[in-house]
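> here is my input; please provide its structure:
(one chain, ligands or ions: 2)
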Amino acid sequence: MSFDRSIKIAPSILSADFANFGEEIRAIEAQGADWVHVDVMDGHFVPNLTFGPPAVKAFRPHVKTFMDVHLMIAPVDPYIEAYAEAGADMIVAHYEAGPHPHRTLQAIRATGAKSGISLNPGTPASVIEHLLPLCDMVLVMSVNPGFGGQKFIPSSVDKVRQVREMIGDRDIHIQVDGGVDPITIGPLVAAGADCFVAGSAVFKGGSVQNSDVYGDNIRAIRAAAEVALSS
Ligand code: DX5
Ligand code: ZN
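Ligands and ions are numbered 1, 2, ... in the order given. A predicted model of the protein is given here:
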């Protein structure tokens, strides 16, 4: 994947029909998703449980675009290889997941996957300064991780601006995750983010039988982002 800062929409399959992941993934990709975002939760770092490596491995053949795997788990290091073997194109770990995020990023890079670091809403941007040389992406959480459908936290916009400044001309994506919709995306684009996770805002009102709605939702999010880019 060559680097660029074009707008990328990454629907979170946390909002998909859990009995039908293969078709849901094919539907969102056919309807314009750029990436597929997989939320891994452990019932410990966050108060919810989702996908182990075998589930992610089962998603893999259905993903034709790019699968970013967001690990909301602690400890994270013992599981990195398993998620890489399951087929993650990018693995994102939380800064808050343990005392050695630098080692975690080294371990992700060693698997050959792209690497990302994620910041909870309460964590300042400054902590990633010395981690950036090991990052392909910084994920700014705009809700407290654990659930889809939460309200966007406005101070995330300032954090994106700070991260964008720290990155300078390095090839590092900025992703935002949580409460992203056609209203909240504008200021995030203006602040310098290029990659947007959206769960509820993509899946709401649609289904695999009625997947045009996914397309309408994705186009509405993208259009709002393009307006912000050109103004
Ligand atoms: C939250 C997850 C998100 C979530 C986004 O812990 O990391 O990816 O599914 O969902 P929405 O877009 O509904 O806020
Ligand atoms: Zn996520």
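
> any weak-confidence spans in the chain?
1 (pLDDT under 70).

> in this structure, what residue comes closest to ligand 1?
G199 (2.9 Å; C-beta to the nearest ligand atom). Glycine gets a C-beta too; all of them are placed from N, C-alpha and C.

> ok, that residue to Q150 distance?
10 Å (C-beta to C-beta, to the nearest Å).

> over to G215?
G215 sits 24 Å away from Q150, going by C-beta to C-beta.

> what ranges do the helices span in this structure?
Under the criterion DSSP state H, helices of the chain are mapped to 21-30, 53-59, 80-85, 101-111, 156-167, 185-191, 200-203, 212-230.

> got the phi/psi numbers for the residue of the chain closest to ligand 1?
For G199, the backbone dihedrals are phi -100, psi -80 (criterion: degrees, to the nearest 10).

> OK, contacts around it?
P11, S12, L14, S15, G148, G149 (C-beta atoms under 8 Å, 6 or more residues apart in numbering).

> highest neighbour count among the residues you listed?
When neighbours are taken as other C-beta atoms under 10 Å, the top entry among the contacts of G199 is P11 (30 neighbours).

> make sure that one is actually in contact with D34.
No. Contact status for P11 versus D34: not in contact, 9.2 Å apart, counting by C-beta atoms under 8 Å.

> list the residues that contact R26.
With the criterion set at C-beta under 8 Å, 6+ apart, R26 makes contact with H62.

> ok, it to V63 distance?
9 Å.

> ok, now A55?
13 Å.

> neighbour-wise, which of these two wins?
More crowded of A55 and V63, by other C-beta under 10 Å: V63, with 22 against 14.

> now the more buried one: closest residue in space that isn't a chain neighbour?
Leaving out its chain neighbours, the residue that sits closest to V63 by C-beta to C-beta, 6 or more residues apart in numbering is V36, at 4.9 Å.

> so the one you found bridges to which residues?
M67 (DSSP bridges).

> so it sits against K64, correct?
No. Shown here, V36 and K64 do not form a contact pair, counting by C-beta under 8 Å, at 9.0 Å.

> hey, what's in contact with both of the two?
E29.

> which residues of the protein lie near ligand 2?
Within the chain, the positions adjacent to ligand 2 are D39, H70, D177 by C-beta under 5 Å from the ion.

> you'd agree the first one is up against H70?
Meaning D39. Yes. With contact defined as C-beta under 8 Å, D39 reaches H70; the gap is 5.2 Å.

> between these two, which one's more packed in?
H70 (28 against 24).

> re earlier: which of the residues of the chain next to ligand 2 lies closest to H102?
Among these, H70 lies closest to H102 (C-beta to C-beta), at 19.1 Å.

> return the residues in contact with the closest one.
Residues near H70 by C-beta under 8 Å, 6+ apart: H37, V38, D39, V40, V92, S118, L139, D177, V197.

> next, the distance between the ends of stretch 174-191.
Terminal residues of stretch 174-191 are spaced 10 Å apart (C-alpha to C-alpha, to the nearest Å).
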